[in-house]
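Trainee: 3D model of this:
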Amino acid sequence: MKTMNNARGHVFIVSGPSGCGKSTVLGEVFRRRSDLYFSVSATTREPRPGETDGVEYYFISQEQFDKMVAREEFLEHATFARCSYGTPRAPVEERLARGIDVIMDIEVKGARQVKERMPEAVSVFIAPPSLEELERRLRGRATDSEEKILLRLETARVELQEAEAYDHVVVNDDYMRAAGELLDIINGK
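Mentor: Next up is the predicted model:
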């Protein structure tokens, strides 16, 4: 386990397709290592029931978001479904300067942007054991329409092709094992 000292923290980028179990794996990682910082993204979308500003996301206006882009205050940013998302630079840089390791849960395009700005960042792709298992998990959620499931599966096919560009690939066939493998990567840096 890393101790607080004058050493700069490390950035760990975690990506993977919807339904691969990233949130479950990361939840277990944070349960075992409470000293890690989870990078909270900013978004222009409205909060969903139960979401808290500064916890799941920083909820900001499009005007605020555009100003932050113009001032280069994001490590990465993108727009999906008419909503903008980005990783604010300041909280990440502040934690890194204090020697705290930072975990970013971002999609593959954002991961490329962060790697361009921070080539020392360690990228980890969380993969499902198979596309069939991913489909089973997505259908098991019972939260998406058939159209949305098919779109998520098509997106996953594209994202899985990006996995080889990552420093590490962790197959989430068992979330406890996958969390342990991710922790080994984090602890080894």
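Trainee: please enumerate the helices of the protein.
Mentor: In order along the chain, the chain carries the following helices (DSSP state H): 22-32, 62-70, 89-97, 108-117, 131-141, 146-162, 175-188.
Trainee: where does the prediction get shaky in the protein?
Mentor: When residues are selected by pLDDT under 70, those of the chain lie in 1-6, 189.
Trainee: find the residue at the geometric middle of it.
Mentor: If you average the C-alpha coordinates of the chain and look for the closest C-alpha using C-alpha atoms, centre = their mean, you land on D105, 0.9 Å from that point.
Trainee: quick one: contacts for that residue?
Mentor: When contacts are counted by C-beta atoms under 8 Å, 6 or more residues apart in numbering, D105 touches 14-15, 22-23, 26, 38-39. For the C-beta atoms, the positions are set from N, CA and C on the backbone; glycine is no exception.
Trainee: just send these back as CSV, with distance to L96 and neighbour count too.
Mentor: CSV is the format used below for the contacts of D105 (distance: C-beta to C-beta, whole Å; neighbours: other C-beta atoms under 10 Å):
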residue, distance to L96, neighbour count
V14, 16, 25
S15, 19, 26
K22, 22, 22
S23, 23, 12
L26, 19, 20
F38, 14, 14
S39, 10, 20
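Trainee: got JSON lines for the residues you listed, with distance to K67 too?
Mentor: JSON lines is the format used below for the contacts of D105 (distance: C-beta to C-beta, whole Å):
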{"residue": "V14", "distance to K67": "28"}
{"residue": "S15", "distance to K67": "27"}
{"residue": "K22", "distance to K67": "30"}
{"residue": "S23", "distance to K67": "30"}
{"residue": "L26", "distance to K67": "30"}
{"residue": "F38", "distance to K67": "25"}
{"residue": "S39", "distance to K67": "20"}
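Trainee: show me which of the residues you listed is closest to S123.
Mentor: Using C-beta to C-beta, S15 is the member of these that lies nearest S123, at 7.2 Å.
Trainee: okay, and the beta partners of that closest one?
Mentor: S15 has the following beta-bridge partners by DSSP bridges: F125.
Trainee: who are the neighbours in contact with it?
Mentor: Taking C-beta under 8 Å, 6+ apart as the definition, contacts of S15 comprise 22, 105-108, 110-111, 123-126, 159, 162, 166.
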